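Peer 1: Here is my input; please provide its structure:
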Amino acid sequence: MIPRLRLANLPTPVESLSRLSAALQGPKIFIKRDDLTGVGLGGNKIRKLEYLVAEAQTNGAKCLITTGAAQSNHARQTAAVAARLGFQCKLVLSGDPTEPKDGNLLIDMLFGAEVTWCEKANRAETLQKIFEESWSRGERPYLIPMGGSTPIGSMGYFSAFNELISQNIEVDWIILASSSGGTQAGLELGKRKNAWKGKVLGVNVGSEEKDLRGKISELCTEACDRIGDNPMADMGEILINEDYQDAGYGNPTKDELEAIRLFARMEGIILDPVYTARAAAAMIDMIRKGLFSADERILFWHTGGIPAIFSDKYSRLLIK
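Peer 2: Modelled structure (predicted):
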């Protein structure tokens, strides 16, 4: 049995996006609301942290250390779990330390996280340095890689896929934002273990992984050991759309800002400006281009990240 903490509000609902579907005149669209997972204003990372922090507790850790960009959703949710469970939390963030303390960064501070700033190119080196210093001080740290994308973390979305199956929603496609690979890896593993006939399509939002497919396949194969199964020699086709990342990570395009407004004004649902906006814009564009038939059914997996929209960097783009 793999240790797991029960932190998230689960199962998250699946809702029909009937007005958006009608406006796009394409397939019927559903949404899986992992923006409603609860802890730390919700998001997909809580599912991963249920397994990662359980392992940390098993190992006697007292301090959680992780990394990300200034508006990292993963950092915010790690800080939330640390506060809830009484861990110390240290975040290594890349960005400008003089930028406004808003959005996710404001929430990190409210949760009491200790922030160390660094250049993006030095993030891995700085993370290791902070870990070693914490270890030498006897703080019993547990290091969580960016995005919580480890074989253990991927189990969160293996469980999430099983949850979706139990909700009896029949769809042909699952579309999600894919970056560090852990969320899609868990869904891919769940798909294969359940012999699901649909397709999982990850929209690359600007991953730092040079080979995102390879990373996802590696995570799936290693995670097999965690569920007492033989490694999958052939992971089959892992679908990644690379067509929508030219603007760069964290730089919303006009199509992504349009996607945010469409979801808000037609369905009362807020997308985040980095991950779900890019994946939604990609889905909308593919529907408009006729890449899905009208009788297909799409599930858009909302991975959260909403607090970033309240940062000055992004809110000023939406109020023009």
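Peer 1: Quick one: residues contacting Gln25.
Peer 2: By C-beta atoms under 8 Å, 6 or more residues apart in numbering, the residues touching Gln25 are Ala294. In short, each C-beta sits where N, CA and C put it, glycine included.
Peer 1: so how far is Met266 from it?
Peer 2: Here Gln25 is placed at a distance of 13 Å from Met266 (C-beta to C-beta, to the nearest Å).
Peer 1: swap in Gln57?
Peer 2: To Met266, Gln57 is 43 Å away according to C-beta to C-beta.
Peer 1: Return the distance of stretch 44-57 from the chain's centre.
Peer 2: Offset of stretch 44-57 from its chain centre (C-alpha atoms, centre = their mean, to the nearest Å): 13 Å.
Peer 1: which other residues reach it?
Peer 2: Stretch 44-57 is contacted from outside by 2-8, 34, 37-40, 64, 73-74, 77-78, 81, 85, 87, 142, 144, 147-150, 152-157, 159-160, 182-183, 186, 303-304, using C-beta under 8 Å, 6+ apart.
Peer 1: Can you list the buried residues in that stretch?
Peer 2: Residues 44-56 are the ones in stretch 44-57 that count as buried (16 or more other C-beta atoms under 10 Å).
Peer 1: Please apply the same query to stretch 106-123.
Peer 2: Buried residues in stretch 106-123, defined by neighbour count with 16+ other C-beta under 10 Å: Ile107, Asp108, Phe111, Ala113, Glu114, Val115, Thr116, Cys118, Arg123.
Peer 1: and the last one, what is it in contact with?
Peer 2: Yep, that's Arg123 we're talking about. Thr67, Val92, Ser94, Met146.
Peer 1: and the residues you listed as JSON lines, adding secondary structure, neighbour count and distance to Ala247?
Peer 2: Formatted as JSON lines, those follow (DSSP: H, G, I helix; E, B strand; the rest coil; neighbours: other C-beta atoms under 10 Å; distance: C-beta to C-beta, whole Å):
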{"residue": "Thr67", "secondary structure": "strand", "neighbour count": "26", "distance to Ala247": "23"}
{"residue": "Val92", "secondary structure": "strand", "neighbour count": "26", "distance to Ala247": "25"}
{"residue": "Ser94", "secondary structure": "strand", "neighbour count": "17", "distance to Ala247": "18"}
{"residue": "Met146", "secondary structure": "helix", "neighbour count": "20", "distance to Ala247": "20"}
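Peer 1: in what helix or strand does Ile216 lie?
Peer 2: For Ile216, the host element (DSSP states H and E) is helix 212-226.
Peer 1: how does this structure divide into domains?
Peer 2: According to automatic domain parsing, the chain comprises the domains 14-43+149-318, 45-147.
Peer 1: now these in CSV, with mean pLDDT?
Peer 2: Listed next are the domains of the chain as CSV, based on pLDDT from 0 to 100:
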stretch, mean pLDDT
domain 14-43+149-318, 93
domain 45-147, 97
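Peer 1: Thanks a lot, catch you later.
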